[in-house]
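[1] can't give you the sequence, but here's the structure:
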Ligand SMILES: Nc1ncnc2c1ncn2[C@@H]1O[C@H](COP(=O)(O)OP(=O)(O)OP(=O)(O)O)[C@@H](O)[C@H]1O
Ligand SMILES: [Mg+2]
């Protein structure tokens, strides 16, 4: 469903070049959970940016449902991300003056009664049914991250990209967050890509890729 062929991303600064992603090919099947681990600086986030169309590669190609990103304009890529992809980052980026349920609605493509009801259902599913009207600063860090997970899922994305979604959480809460994402994959049929430093978070993964120096190790 999502596939990459010989992807490369270089960062140039001054006279030097960092090969953040160096000739990576991979395919993510529909409904699969793929984990990505590797040392700091090995290119995990950079690879996620390329796969999700947040950055364009210097070489190589990415396609989603047989559509090559190179054939899409910046606006087309943005539309693809907004409609088909969900994102969870290490930092939750919630809007502080919006309630939990309003924050989840930020991720909705259509704002209507159905999506509002689904936003509430998702918050109940992540254990926040009694905190729908709380604002982020009234929630714990783990609770905020669960709101961020609900926001990433509210438009029923085909692929969820999660970059260190558990980094600021204790291990039990981290597991909870990953399980929520894995549940969505099982019930919603979406694919899930999770970057983490912690292999324990990937016990449910179908496949774990090891990154090192911009490459995927065998
Ligand atoms: N904006 C940038 N300009 C220059 N170099 C960069 C930039 N962003 C990342 N890099 C370099 O690209 C390489 C890969 O970075 P990336 O953020 O993808 O690593 P990572 O595996 O996600 O690391 P971490 O686990 O610390 O998040 C690193 O060597 C980094 O220094
Ligand atoms: Mg990173």
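    The structure has been received and is ready for your questions. What you see is a predicted model, and the numbers here were worked out from it, not measured in a lab. Residues are numbered from 1 along each chain as shown. Ligands and ions are numbered 1, 2, ... in the order given.
[2] contacts for the helix or strand residue 124 falls within, please.
    Secondary structure from DSSP states H and E places residue 124 in helix 113-125. If you take Cβ atoms under 8 Å, 6 or more residues apart in numbering as the criterion, helix 113-125 is touched by 100-101, 104-105, 108, 129, 131-132, 146-147, 150, 153-155, 180, 183. C-betas here are computed from N, CA, C, even on glycine.
[3] same thing but at 10 Å, please
    100-109, 111-112, 128-132, 143, 146-147, 149-156, 180, 183-184, 187 (Cβ atoms under 10 Å, 6 or more residues apart in numbering).
[4] name the residue closest to the centre of this structure, please.
    In the chain, the residue lying closest to the centroid (Cα atoms, centre = their mean) is residue 161, at 1.8 Å.
[5] quick one: the one helix or strand that one maps to to chain centroid distance?
    Assigned by DSSP H and E, residue 161 falls within strand 159-163. In terms of Cα atoms, centre = their mean, to the nearest Å, the centre of strand 159-163 is set 2 Å apart from its chain centre.
[6] same check, this time on stretch 121-139
    Computed by Cα atoms, centre = their mean, the chain-centroid distance of stretch 121-139 equals 20 Å.
[7] so what's the residue nearest to the centre of the chain up against?
    Neighbours of residue 161 in contact, by Cβ under 10 Å, 6+ apart: 2, 36, 48-49, 51-52, 54, 81, 85-89, 152, 191-195.
[8] specify the beta-bridge partners of it.
    Residue 161 has these beta-bridge partners by DSSP bridges: residue 87, residue 193.
[9] for ligand 1, see how far away it is.
    From residue 161 across to ligand 1, the span is 12 Å (Cβ to the nearest ligand atom, to the nearest Å).
[10] what comes up buried for stretch 21-38?
    21-22, 24, 26, 28, 32-38 (16 or more other Cβ atoms under 10 Å).
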